[in-house]
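K.L.:
I need the structure of the sequence given here:
(one chain, ligands or ions: 2)
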Amino acid sequence: MIVKVGVSILSLDYNDITVINQALMRVDTANSVHLDVMDGKFVPQKTFDHTLLEKIDTKLNKIVHLMVKQPEKIVDKYIKAGAEGIIFHIEAIRSPKKLIEHLKKKKVSVGIALNPETPLKKIEKILPDVDLVLVMTVKPGKGGQKMMKTPLKKVKSIRKKYPMKDIAVDGGINADTAYLAIEAGANILVSGSYIFNSNDPKLAIDLLRNA
Ligand code: DX5
Ligand code: ZN
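P.N.:
Numbering: from 1, shown residues only. Ligands and ions are numbered 1, 2, ... in the order given. The predicted model follows:
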């Protein structure tokens, strides 16, 4: 499968929209911008809300990674603000099926995210209904962490059962670890600090794509 790259803006000063829009111009060869929304409850950190999406100026697909409790309560604000994809955490919701149906009706792509320690069986029943699975390889909440390798086993088993499903790996992706994620079966790499710390972000994106 072709490898797609999602660029996370978590390592940038996301309170300054000029910084964000300038940074996004330097990564316009990516496939999507990965927007890490945190509510200070699901994870201790808080980042930005849907109003950031209204100010973002990019042609890239806006994919929102909701690290929030009860995501069903806020998804509509992000869809209205222009999100093309919503990824929510299985650990944060009681009835995922209802939210999946709702998101399909709203014609956005539906992703389910798994924390590193969450077993695959937690999403087994809903796997057929989602467009994407996001396997976290760092503890959610911060950028710039080292990739945890164990969650890659989940990537392997999902790929074996679902040869065509979008599987993203999120956390600690760089030129060395990208290969491990791809070899495990991921076809989407989410990366933030590696891309924005490099002096040639487009080259960094290329290196990830061809790892
Ligand atoms: C962590 C976020 C990740 C993070 C990735 O909670 O979900 O998307 O921003 O950042 P890096 O690539 O720096 O690990
Ligand atoms: Zn993320």
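K.L.:
State the number of residues packed around residue 158.
P.N.:
Counted with other CB atoms under 10 Å, the neighbours of residue 158 add up to 22. In this view, the C-beta of every residue, glycine as well, is placed from N, C-alpha and C.
K.L.:
same question, the one 5 residues further on
P.N.:
By the criterion of other CB under 10 Å, residue 163 has 9 neighbours.
K.L.:
Same question for residue 100.
P.N.:
When neighbours are defined as other CB under 10 Å, residue 100 has 20 of them.
K.L.:
My guess is it contacts residue 132. True?
P.N.:
No: contact criterion CB atoms under 8 Å: residue 100 and residue 132 do not qualify, at 11.5 Å.
K.L.:
Next, show the common contact partners of those two.
P.N.:
Here residue 100 and residue 132 have residue 110 as joint contacts, going by CB atoms under 8 Å, 6 or more residues apart in numbering.
K.L.:
buried stuff in stretch 71-81?
P.N.:
With burial defined by 16 or more other CB atoms under 10 Å, the residues of stretch 71-81 counted as buried are 71, 72, 74, 75, 78, 79, 81.
K.L.:
Residue 136 contacts residue 116, doesn't it?
P.N.:
Yes: contact status for residue 136 versus residue 116: in contact at 5.4 Å, counting by CB under 8 Å.
K.L.:
Write out the residues of the chain neighbouring ligand 2.
P.N.:
The chain comes close to ligand 2 at residues 36, 65, 170, as judged by CB under 5 Å from the ion.
K.L.:
Need the three-state assignment for the first one.
P.N.:
What DSSP: H, G, I helix; E, B strand; the rest coil gives for residue 36 is strand.
K.L.:
Can you tell me the closest non-neighbouring residue to it?
P.N.:
Nearest residue to residue 36, sequence neighbours excluded (CB to CB, 6 or more residues apart in numbering): residue 10, at 4.6 Å.
K.L.:
helix or strand for the one you found, which one?
P.N.:
Assigned by DSSP states H and E, residue 10 belongs to no helix or strand.
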